[in-house]
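Enquirer: here's my sequence, what's the structure:
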Amino acid sequence: LPLPAMTSPTHYLALLLAHLAPLALLLASLLLSLYSGSALYVALVEAPALLAAAASAPAAAAAHFRRLIPRAQPLNGLAGIFSAGLLGYAAWGLAPGGLVVDRVLGVACGIMVVGVVPWSVMFVRPAAVALVAASAEGAGSEVEVLLKRWAGRHAVRAFMLLVAIGLVFYRLVSYMPCPRPM
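Expert: Next up is the predicted model:
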């Protein structure tokens, strides 16, 4: 069998990477779905429940929050970084020399996901640390105020992730071929 004209190792590597890009987009959408789903759950269910509990029993709400935070923090950072990396790779691999809008959407989505990490570190985490410290001291009236601050900042984070997952699903749907009528 004759070999194709371009047989350099870099050509085969580029071909392999281009074929893996749809898989990267699928994995990124799965990771980002889990990440944004958990953030949305916390914003819509967990935070209002904690606020309702803090109104009547601030010590119990603070104790629950103290148990919640150490389990959630490592997962959030890892999911955000891995899904952003996969999105960036998929953005370049799915449009080799093709549509610039595909790359811009992919990069914008990756930046939005990566942007969640600094937002979390600069705004959400300090509110959580202050809340854990206040709950350890037994400051009941301060717990409700700190919970409201944490819930509001977490809602912004959930919104950013919701927009990012919307962009990913748009990109995923636009990549799939349309069925042809018979």
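Enquirer: any regions of this structure where pLDDT drops low?
Expert: Applying pLDDT under 70 to the chain picks out residues 1-11, 13-15, 17-18, 77, 88-103, 106, 138-140, 174-182.
Enquirer: swap the cut-off to 80 and go again
Expert: The chain contains residues with pLDDT under 80 at 1-29, 69-114, 117, 134-141, 167-182.
Enquirer: all helices for it, in order.
Expert: For the chain, the helices defined by DSSP state H cover 9-41, 47-56, 58-93, 100-119, 125-137, 140-175.
Enquirer: with mean neighbour count as extra columns, can I get these in TSV?
Expert: In short, each C-beta sits where N, CA and C put it, glycine included. Output for those, formatted as TSV (neighbours: other CB atoms under 10 Å):
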stretch	mean neighbour count
helix 9-41	16
helix 47-56	16
helix 58-93	18
helix 100-119	18
helix 125-137	17
helix 140-175	18
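Enquirer: I'd like to know how far residue 115 sits from residue 136.
Expert: According to CB to CB, to the nearest Å, residue 115 stands 31 Å off from residue 136.
Enquirer: now do residue 79
Expert: Distance, residue 79 to residue 136, by CB to CB: 28 Å.
Enquirer: what do you get for residue 116?
Expert: Note on residue 116: its distance to residue 136, by CB to CB, is 27 Å.
Enquirer: list the contacts for the closest residue to residue 124 other than its chain neighbours?
Expert: Using CB to CB, 6 or more residues apart in numbering and skipping the chain neighbours, the partner closest in space to residue 124 is residue 153 (4.8 Å). Under the criterion of CB atoms under 8 Å, 6 or more residues apart in numbering, the contact list for residue 153 reads 119, 123-124, 127.
Enquirer: got TSV for those residues, with distance to residue 31 too?
Expert: TSV is the format used below for the contacts of residue 153 (distance: CB to CB, whole Å):
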residue	distance to residue 31
119	18
123	23
124	19
127	25
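Enquirer: name the nearest of the residues you listed relative to residue 64.
Expert: Nearest to residue 64 among the contacts of residue 153, counting by CB to CB, is residue 127 at 15.9 Å.
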